[in-house]
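Participant: no FASTA, just this:
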């Protein structure tokens, strides 16, 4: 997540040399990533959607982001 980034609320996910942008509220994905890695990203989104939206608002206000646990 980047401070003062463009709408809609989203985050960037990287795996090796692949990167996607994922909209937090819809799960719409822009970019390409292996199916396995993308499944993990979307599962993580499902588990942490509320936290991600909270961090999006914090980023827009230039506040420190809260840590979100990785997928286990």
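Facilitator: Alright, I've got the coordinates. No experiment lies behind these values; they were computed from the predicted model shown.
Participant: doesn't residue 55 make contact with residue 5?
Facilitator: No: between residue 5 and residue 55 there is no contact under C-beta atoms under 8 Å: 11.4 Å. Every C-beta, even on glycine, is put in place using the N, C-alpha and C of the backbone.
Participant: neighbour-wise, which of the two wins?
Facilitator: residue 55 (21 against 15; other C-beta atoms under 10 Å).
Participant: what's the helix or strand for that one?
Facilitator: Residue 55 is part of helix 35-60 when elements are defined by DSSP states H and E.
Participant: how about residue 11?
Facilitator: For residue 11, the host element (DSSP H and E) is strand 10-15.
Participant: parallel or antiparallel, which strands does that strand pair with?
Facilitator: Sheet pairing of strand 10-15 (DSSP bridges) gives strand 18-23 (antiparallel).
Participant: touching the strand it pairs with from outside, list them.
Facilitator: Contact with strand 18-23 is made by 8-13, 28-34, 37-38, 41-42, 45, as judged by C-beta atoms under 8 Å, 6 or more residues apart in numbering.
Participant: show me what counts as buried in the helix or strand following it.
Facilitator: As assigned by DSSP H and E, the chain's next helix or strand after strand 18-23 is strand 29-32. Of all the residues in strand 29-32, those buried under the rule 16 or more other C-beta atoms under 10 Å are residue 29.
Participant: hmm, back to that, tell me what angle the strand holding residue 11 forms with helix 35-60.
Facilitator: Strand 10-15 runs at 140 degrees relative to helix 35-60, counting by axes from the mean of the first three to the mean of the last three C-alpha atoms, to 10 degrees.
Participant: tell me the gap between strand 10-15 and the middle of its chain.
Facilitator: Averaging C-alpha positions (C-alpha atoms, centre = their mean, to the nearest Å) puts strand 10-15 5 Å from its chain's average.
Participant: tell me the pLDDT at the spatially most central residue of the chain?
Facilitator: With distances taken as C-alpha atoms, centre = their mean, residue 11 lies nearest the centre of the chain, 3.1 Å away. On the pLDDT scale, residue 11 is placed at 96.
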